[in-house]
Every structure is written in structure tokens, then in C-alpha cells.
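Undergrad: this one's sequence-less:
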């Protein structure tokens, strides 16, 4: 017997936690399922189609409901934030266009910066739409 430490035997690669998925830990599996479902939704698949694809890959109905709930909640938060940002930037474009128009008219040559005003109004409208879509949850309806 020698006092030298024996090298640890090589550990084989862990098998996937669930058949059909690459994840080797429970957390990796959860992350992989969320990414898979979000990619399907972003690619234009409707909610029923995504739920069906998850079920086909062995995910139970209760877990599918949780995944879909949290994906929709996350999407709603992102939409509301983007909506607020678009409303603010749109309002700034409107105010800047109106202010520039007022300055040029007082200077005597009266250029109307209608492009900035119209662009701002469109962006405000888009922001309002995004914000309320995020509030009502009418996103990714399939």
C-alpha cells in the first residue's frame, strides 16, 4: 500500500433529467423549457400550439400552465415598459417639433416641423397600444 492518493474515477456524463431535453440538472431543465416555449411564441406559434408542443415533449399540464403564466406575465411587464418609453419619446418629439415651429415662426421665416410632430404622435399611439396590451394581457393569443 502506498500513501499516494489514488485519482478519483472519472464520472460519466450525467444523463438528461428528462427524456428529450439536454438539461442535466432540474434548473437547467426549467430554463430550457422556458426558452423553448418563449422561442415558439416569438416565432409566431399560438398559445395552444405551444402548449401542445410542450405536452408532446413530456411536460405535464400543470407545469405547462405555470410556464405559460410566467411567460405571459414577463411579456406583459416588457410591453408596459416599452409602451411607457414610447409614450415619453413620442411626447418629446411632439414638443420638440412644436417648439421648433414656434421658434422659426417668431424668427420670421415660419418653418413647420410637422414631421417631428406626426412622428411623435405615432410613437405616442404605439406606446399607448403597447401599454394597454400589456395591462390587459392580450398578448400571444393564439
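TA: Arrived safely, thanks for sending. It should be emphasised that the depicted structure is a prediction, and the values quoted were computed from it without experimental measurement.
Undergrad: Low-confidence bits of the chain, can you list those?
TA: 1-18, 137-142 (pLDDT under 70).
Undergrad: mind listing the helices for it?
TA: Ranges of helices in the chain, per DSSP state H, are 26-42, 47-56, 61-106, 114-136.
Undergrad: quick one: the shortest one to helix 26-42, angle?
TA: It refers to helix 47-56. Angle, helix 47-56 to helix 26-42, by axes from the mean of the first three to the mean of the last three Cα atoms, to 10 degrees: 150 degrees.
Undergrad: Helix 47-56 packs against which elements?
TA: helix 26-42, helix 61-106 (3 or more Cβ pairs under 8 Å, 6 or more residues apart in numbering; DSSP states H and E). (Glycine included, C-beta is placed from N, CA and C.)
Undergrad: re the thing from before, now render the helices of the chain as CSV, adding mean neighbour count and distance to residue 19.
TA: Putting these into CSV (neighbours: other Cβ atoms under 10 Å; distance: least, Cβ to Cβ, whole Å) gives the following:
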stretch, mean neighbour count, distance to residue 19
helix 26-42, 15, 11
helix 47-56, 15, 12
helix 61-106, 15, 15
helix 114-136, 16, 36
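Undergrad: mind putting those in TSV, distance to residue 20 included?
TA: What follows is those, written out as TSV (distance: least, Cβ to Cβ, whole Å):
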stretch	distance to residue 20
helix 26-42	10
helix 47-56	9
helix 61-106	14
helix 114-136	33
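Undergrad: still on that earlier bit, possible to save the helices and strands packed on helix 47-56 as TSV with distance to residue 114?
TA: Output for the helices and strands packed on helix 47-56, formatted as TSV (distance: least, Cβ to Cβ, whole Å):
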stretch	distance to residue 114
helix 26-42	36
helix 61-106	7
